[in-house]
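S.K.: Below are the sequence and a predicted model for it; my questions follow.
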Amino acid sequence: MRVTQVSAFLENRPGRLLYLLNILAEADVNLVAHNIVDASDFGIVHLLVDRPQPALEAIRDAGITCSSTTVLQVTVPDEPGAFVRRVLQPLADAGVNIETAMPIAPPAPGRRASCSRWMTWTPERGYLARTGPKTKQSVISGQSSVAANH
């Protein structure tokens, strides 16, 4: 299924994701999933939301640079190799390059799940990395000359 992904350019510092997601909440836009691609000073937050156009308008009105793109959302069985056989191999065979991938955990009815990785620094232990749960859905953003002709 094709869905619209909203991407926002943010400073890489505490509280910026909170600020962005509060903008969406105030605009009555529901967050479905997100992924953060970070660099040292800035990051791009990729968002799947229930109402992309109002999300883009609210983010722009807040003075944040943002854009949208169409991505492919796929669901595969929760079994070893399913994502490889049903998604990655066919895309590779068609010459499609995957630029980003965003896992989506299937929520319980009336709930949303989030998969996150975060880094925490403590003087005693240095950087600690943690990751979220295994997921069953992914969103793939990619392009190629083959995909552009379809």
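M.R.: All right, it came through fine.
S.K.: where in this structure is pLDDT low?
M.R.: Scanning the chain for pLDDT under 70 picks out 105-150.
S.K.: Sketch out the helices for it, chain order is fine.
M.R.: Along the chain, the segments classed as helices by DSSP state H run 16-26, 52-61, 82-83, 89-93, 145-148.
S.K.: What residues of the first one count as buried?
M.R.: Going by neighbour count (16 or more other Cβ atoms under 10 Å), the buried part of helix 16-26 is Arg16, Leu17, Leu20, Ile23, Leu24. All C-beta atoms are positioned from the backbone trio N, CA, C, and that covers glycine.
S.K.: now, among those, which is nearest to Ala39?
M.R.: Nearest to Ala39 among the buried residues of helix 16-26: Arg16, at 13.2 Å, using Cβ to Cβ.
S.K.: pretty sure the closest one contacts Leu10?
M.R.: Yes: proximity of Arg16 to Leu10 meets the contact threshold set by Cβ atoms under 8 Å, at 4.5 Å.
S.K.: For Val6, which of the helices of the chain is the nearest?
M.R.: Val6 lies closest to helix 52-61 among these, at 5.1 Å (Cβ to Cβ).
S.K.: outside of that closest one, which residues touch it?
M.R.: Contact with helix 52-61 is made by 4-6, 8, 20, 23-24, 26-29, 47, 49, 66, 68, as judged by Cβ atoms under 8 Å, 6 or more residues apart in numbering.
S.K.: which one among these gets closest to Ala94?
M.R.: Using Cβ to Cβ, Gln5 comes nearest to Ala94 of the contacts of helix 52-61, at 20.3 Å.
S.K.: That closest one: how many residues sit nearby?
M.R.: Residues lying near Gln5 (other Cβ atoms under 10 Å) number 23.
S.K.: and if you look at Ile59?
M.R.: Using other Cβ under 10 Å, Ile59 has 25 neighbouring residues.
S.K.: tell me the contacts of the closest residue to Ile44 other than its chain neighbours?
M.R.: Of all residues not flanking Ile44 in the chain, Val37 sits nearest, at 4.8 Å (Cβ to Cβ, 6 or more residues apart in numbering). Val37 sits next to Gly43, Ile44, His46, Thr100 when contact means Cβ under 8 Å, 6+ apart.
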